[in-house]
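[1] next one to model:
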Amino acid sequence: MSHLMDNDVDTGPEPASEPSTSALRHENLNREHSPEPDLDLDLTRGMHQVWLVKVPKFLIDGWSRIQQDDVPLGHVRVYDPDENGNQPMELILPESPAWPIPIEDPLVRSQFAHMPRKYDMKLTSSTSETYAKNLYAFEEELIDEDDVASDLGVDEDVVPDSVDIKGPRGTGPARGVHKKRRKTALTGTVTNETSVQPQKLQAPVTLSTESKPLLRAGQSRSLLTPEYREILRRRRIESSTPKRSVIMMESGDTGMNNMLAAGVGKGHIKPRATNIVAGAMQSRSGDSTEKFARMPRNELLDLLFNLFDKYSHWSLKRLREETQQPYVYLREVLSTIANQHHNGPYAGSWSLKREYSEGSRESLVSSVNERAQNEISDENQDMEDVVQ
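    As a prediction, the model looks like this:
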């Protein structure tokens, strides 16, 4: 029979291993910052009618830079319906001398100084079709934990604003935890869907006294505004600019001299003249791979007609420089309205066909309007949905 001495202690079975400090810290943070959320939703403004508007990317980029609250971005002008039942609508930004995008920072504001100020708003679906889609608008607001006590019946998720952990590996205690809650509410029901496009200039065209007449009197030609043309030009330049480039960190023949001093044979170094020729060939090949974005067919036709009004004969190279369009697409559209001369004093150049140089061009422009609507979907990739 065994007896326990006074100094003996029965410790029981030893634990296999103690949990690590990082695991305990992670478990405590999850327990502290992830309570059971409240799944209620604020429906007080659920019957409010809102419009879902597709806005050009360059416009929403400017609006997203505005930091101040309650700033008027512009106003919508609705006209009386015409004889066909169409109701024109316009989105008008602040008039000059005010800035089109009211940004406080002058450096950022100057980036959006030259923007179109007038836009056409067109309904993309009827009200009944929009209601059938069951589209709703929601908003979320982060509020301090002290203000949540009076806001019952809303969706509240605890969100840690900042967590500061001491120690090089985060082994110290957490401190400075400021909690916020997310308040979710239904702000309205979408009743109309519209799209916004920059307005075009309606330039009146009169008959010309020269041998090549223009459009008939009373007609008009749609032209892009200078501001919108500049935006499209910058977009083409950005798309053709390589995202990565090699920058030479040395100038002159410093690298070659270092290689010779290190004993590298001349067979590993190309002559300087060879480098110049290779650089010229690379520059020419880089120019040939320049890419341009397609514009709608009806706008390209308007631009081509305008160019042929200035000069009767054009080379395809000069037309490509003026229109900034892909080669294959430009040749395809050009062949529908012009002929290429294969001999004579204007060999290799293009001139308008007889039916387009002597008669009206209205039939051609109207025939491609339907095809141009299909090409607008390419530009809608740069659009974003915005609830107004």
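[2] for I92, list the residues it contacts.
    With C-beta atoms under 8 Å, 6 or more residues apart in numbering as the criterion, the residues that contact I92 are G74, H75, V76, R77, R117, K118, Y119. Where you see a C-beta, it was placed from the backbone N, CA and C, and this is true even at glycine.
[3] show me where the stretch 1-150 of the chain has helices.
    Listed from the start of the chain, the stretch 1-150 of the chain has helices (DSSP state H, counting those that start in this stretch) covering 21-33, 57-63, 106-111, 127-132.
[4] how close does K133 sit to T323?
    Taking C-beta to C-beta, to the nearest Å as the criterion, K133 is separated from T323 by 39 Å.
[5] what's the answer for E140, then?
    Separation of E140 from T323 (C-beta to C-beta) stands at 46 Å.
[6] L304 now?
    The separation that L304 has from T323, given C-beta to C-beta, amounts to 7 Å.
[7] which one's more surrounded, those two?
    Neighbour count, other C-beta atoms under 10 Å: between L304 and T323, L304 has more, with 24 against 19.
[8] which SSE is that one in?
    The secondary structure element spanning L304 is helix 297-310 (assigned by DSSP states H and E).
[9] strands paired with the next helix or strand after that helix, and their directions?
    Towards the C-terminus, the helix or strand next in line after helix 297-310, according to DSSP H and E, is strand 314-315. Strand 314-315 pairs in its sheet with strand 349-352 (antiparallel), by DSSP bridges.
[10] may I have the partner strand as CSV, with CA atoms only?
    Provided in CSV are the C-alpha atoms of strand 349-352 (Å, rounded to 0.1, in the frame of the first residue of the first chain):
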residue,chain,number,x,y,z
SER,A,349,-5.9,57.7,-104.7
TRP,A,350,-9.6,57.5,-103.8
SER,A,351,-12.4,59.7,-105.0
LEU,A,352,-16.2,59.6,-104.2
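[11] L232 contacts L224, doesn't it?
    Yes: the criterion here is C-beta atoms under 8 Å, and L232 meets it with L224 at 7.4 Å.
[12] more neighbours: which of these two?
    When L232 and L224 are compared on other C-beta under 10 Å, the one with more neighbours turns out to be L224, at 19 against 16.
[13] check contacts around the residue nearest to L73 when sequence neighbours are not counted.
    Counting by C-beta to C-beta, 6 or more residues apart in numbering, W63 is the residue found nearest to L73 once chain neighbours are left out, at 6.2 Å. Contact criterion C-beta under 8 Å, 6+ apart gives V55, L73, I101 as the residues in contact with W63.
[14] surely the second one is in contact with L91?
    What it means is L73. No: the pair L73 and L91 fails to qualify as a contact (C-beta under 8 Å) at a distance of 9.1 Å.
[15] okay, now L107: neighbour count?
    Under the neighbour criterion other C-beta under 10 Å, L107 is assigned a count of 7.
[16] now G74
    Other residues near G74 come to 19 when the count uses other C-beta under 10 Å.
[17] any idea how far it lies from S312?
    From G74 over to S312 (counting by C-beta to C-beta), the distance is 44 Å.
[18] same thing with P88?
    Taken as C-beta to C-beta, the spacing of P88 relative to S312 amounts to 38 Å.
[19] just R229 next, same as before
    With distances taken as C-beta to C-beta, R229 is found 25 Å from S312.
[20] equivalent analysis for E193, please.
    Relative to S312, E193 is positioned 46 Å away (criterion: C-beta to C-beta).
[21] where does the stretch 201-350 of the chain have low pLDDT?
    Residues of the stretch 201-350 of the chain meeting the criterion pLDDT under 70: 202-222, 248-290.
[22] which residue ranges form the helices in it?
    According to DSSP H, counting those that start in this stretch, the stretch 201-350 of the chain carries its helices in the segments 226-240, 254-261, 272-288, 297-310, 316-323, 327-334.
[23] the fifth one versus helix 297-310: what angle between them?
    Taking axes from the mean of the first three to the mean of the last three C-alpha atoms, to 10 degrees, one finds helix 316-323 and helix 297-310 inclined to each other by 120 degrees.
[24] for the residue nearest to L73, give me the pLDDT.
    We note a pLDDT of 90 for W63 in this prediction.
[25] gap between T130 and L123?
    Counting by C-beta to C-beta, the separation of T130 from L123 is 9 Å.
[26] just E332 next, same as before
    32 Å.
[27] who has more neighbours out of those two?
    With other C-beta under 10 Å as the criterion, E332 and L123 differ in neighbour count, and L123 comes out ahead with 16 against 12.
[28] skip the chain neighbours and tell me the closest residue to the more buried one.
    Excluding the flanking residues, the one nearest L123 by C-beta to C-beta, 6+ apart is T194, at 5.5 Å.
[29] contact partners for E332?
    Residues near E332 by C-beta under 8 Å, 6+ apart: none.
[30] ok, now the one 5 residues further on?
    Applying C-beta under 8 Å, 6+ apart, we find I337 in contact with L301, L304, F305, L352, K353, Y356, L364.
[31] per-domain residue ranges of this structure.
    Segmentation of the chain into domains, based on automatic domain parsing, reads 38-198, 200-240+296-382.
[32] dump those to TSV, plus distance to I247.
    As requested, the domains of the chain are exported to TSV (distance: least, C-beta to C-beta, whole Å):
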stretch	distance to I247
domain 38-198	25
domain 200-240+296-382	19
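[33] burial count for P56?
    Counted with other C-beta under 10 Å, the neighbours of P56 add up to 22.
[34] check N343 too.
    Number of residues near N343 (other C-beta under 10 Å) recorded here: 7.
[35] still on that earlier bit, can you tell me which of the domains of the chain comes nearest to V246?
    Proximity to V246, assessed across those by C-beta to C-beta, is greatest for domain 200-240+296-382 (17.3 Å).
[36] so where's the stretch 51-200 of the chain shaky on pLDDT?
    144-180.
[37] that one: strands as residue ranges?
    75-78, 89-92, 118-123, 136-144, 155-160, 164-165, 174-175, 179-198, 200-204 (DSSP state E, counting those that start in this stretch).
[38] quick check: phi and psi on S245?
    Per-residue torsions, S245: phi -140, psi 150 (degrees, to the nearest 10).
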